[in-house]
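>>> coords please:
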Amino acid sequence: MLLAFALSSAARAELLVESVLSTNAATATLLAGRLAAPGIGISNAALSGVPEAIGTFSAGATVAGFELDQGIVLSSGSVGNAVGPNDDDGSHVLVGEWGGPGDDDLAALHQTSIVDAALLEFDFSCPPGASAIHLDYIFASEEYDELDVYDALGIFVDGVNAATLPGTSNPINADSVSATPALFKNNNVCNEADGVLCPFDLQADGFSVKLTAEAAISLAAPSHSLEIVVGDEVFESYDSWVFLSSLRCILADPPPVPGLGPLGAYGLGGVLSALTCMLLRRHRRSRRREIS
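Reported below is the predicted structural model:
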């Protein structure tokens, strides 16, 4: 099954990127499994988009400033174009070369027309007691600080977008990230003709810091849906990429035991155990005094 990935994909001494050979259900399940932490159940996995726009990455930790080591990557163009250095001011797939459809959820979220969408979706189930999920990601783009149209990203958990600027409901794209200096890493301050290299070994003109999509999930629901999608706005051709890693379930805090005050957080068994130890220590001290 591992042969579903192209071994002759774009690679360099730093970031390693591999595109998939097929977008069938087996490949989708492999990608979802690579993304999910142990203990998470995966079902009904599906991909949409051309194989060149979907893949995996590794050795991210070797790229200075890149905060994810390995995972999956989706692109509005070609995942292979993400490999550095930044030697092309607008690395892209030519307009119309993919000719792929958009995504209605992504278009509605960003209120624009979307084409060439790359999508991974699947249902997942968490261990009992989980009340939320977290998913780490980095959004990189050739559109930063250059264009007035922006590729779009959506991470929909049970239909609700979780790819937002921290503390807001504003969706992530190249404009919203670059307008927030604390979230943005500029990789477009270089001039190879003058010997000034870009600071990060990526083709992208900029990328976000590691962000975390966070979403509450119902304890009562047996499974949940996750849809991750990136696409071109209108017919703009410059590439964008979303790198994703570490889908994990977050367990709810256990409620304190009623009537036990501050000890309630330890649970009834813990409180009884502590009381038993305290009484035994008192009994031993009393016996020593009697013997002496």
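>>> ranges for the strands of the stretch 151-292 of the chain?
Using DSSP state E, counting those that start in this stretch, the strands of the stretch 151-292 of the chain run over 152-157, 160-161, 184-186, 206-208, 211-216, 224-233, 240-251.
>>> would you mind giving these as CSV with mean neighbour count, distance to residue 67 and mean pLDDT added?
Any C-beta I mention is one placed from the backbone N, CA and C, and that applies to glycine too. CSV is the format used below for the strands of the stretch 151-292 of the chain (neighbours: other C-beta atoms under 10 Å; distance: least, C-beta to C-beta, whole Å; pLDDT from 0 to 100):
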stretch, mean neighbour count, distance to residue 67, mean pLDDT
strand 152-157, 25, 17, 96
strand 160-161, 16, 22, 98
strand 184-186, 19, 10, 91
strand 206-208, 26, 9, 92
strand 211-216, 17, 9, 98
strand 224-233, 25, 18, 94
strand 240-251, 22, 9, 96
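>>> what's the closest of those strands to residue 69?
Shortest distance between residue 69 and these, using C-beta to C-beta, is found for strand 240-251: 7.3 Å.
>>> return that closest one as PDB; C-alpha atoms alone will do.
Extracted C-alpha coordinates of strand 240-251, given in PDB (Å, rounded to 0.1, in the frame of the first residue of the first chain):
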ATOM      1  CA  SER A 240      -0.400  27.900  -1.900                       C
ATOM      2  CA  TRP A 241       0.100  24.900   0.400                       C
ATOM      3  CA  VAL A 242      -1.300  23.700   3.700                       C
ATOM      4  CA  PHE A 243       1.000  21.500   5.700                       C
ATOM      5  CA  LEU A 244      -0.900  19.400   8.400                       C
ATOM      6  CA  SER A 245       0.200  17.200  11.300                       C
ATOM      7  CA  SER A 246      -1.000  15.600  14.500                       C
ATOM      8  CA  LEU A 247      -4.700  15.300  14.600                       C
ATOM      9  CA  ARG A 248      -5.400  14.500  18.200                       C
ATOM     10  CA  CYS A 249      -8.400  14.100  20.600                       C
ATOM     11  CA  ILE A 250      -8.500  16.200  23.700                       C
ATOM     12  CA  LEU A 251     -10.100  14.500  26.800                       C
END
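>>> any weak-confidence spans in the stretch 51-200 of the chain?
Scanning the stretch 51-200 of the chain for pLDDT under 70 picks out 88-99, 145-149, 191-195.
>>> please redo it, this time with the cut-off set to 80
Scanning the stretch 51-200 of the chain for pLDDT under 80 picks out 84-101, 144-150, 189-197.
>>> so which helix or strand takes in residue 43?
strand 41-48 (DSSP states H and E).
>>> confidence score at residue 273?
The score at residue 273 is 58. That number is its pLDDT.
>>> do residue 284 as well
pLDDT at residue 284 comes out at 63.
>>> and what of residue 15?
89.
>>> my read is that it contacts residue 60, right?
Yes: contact criterion C-beta atoms under 8 Å: residue 15 and residue 60 qualify, at 6.0 Å.
>>> next, show the common contact partners of those two.
Taking C-beta atoms under 8 Å, 6 or more residues apart in numbering as the contact rule, residue 15 and residue 60 both touch residue 66.
>>> compare those two (neighbour count), which wins?
Legend: neighbour count by other C-beta atoms under 10 Å for residue 15 and residue 60, higher for residue 15 (24 against 21).
>>> show me the contacts for that one.
57, 59-60, 62-63, 66, 82-84, 201-202.
>>> how about residue 216, nearest residue that isn't a chain neighbour?
residue 132 (5.0 Å; C-beta to C-beta, 6 or more residues apart in numbering).
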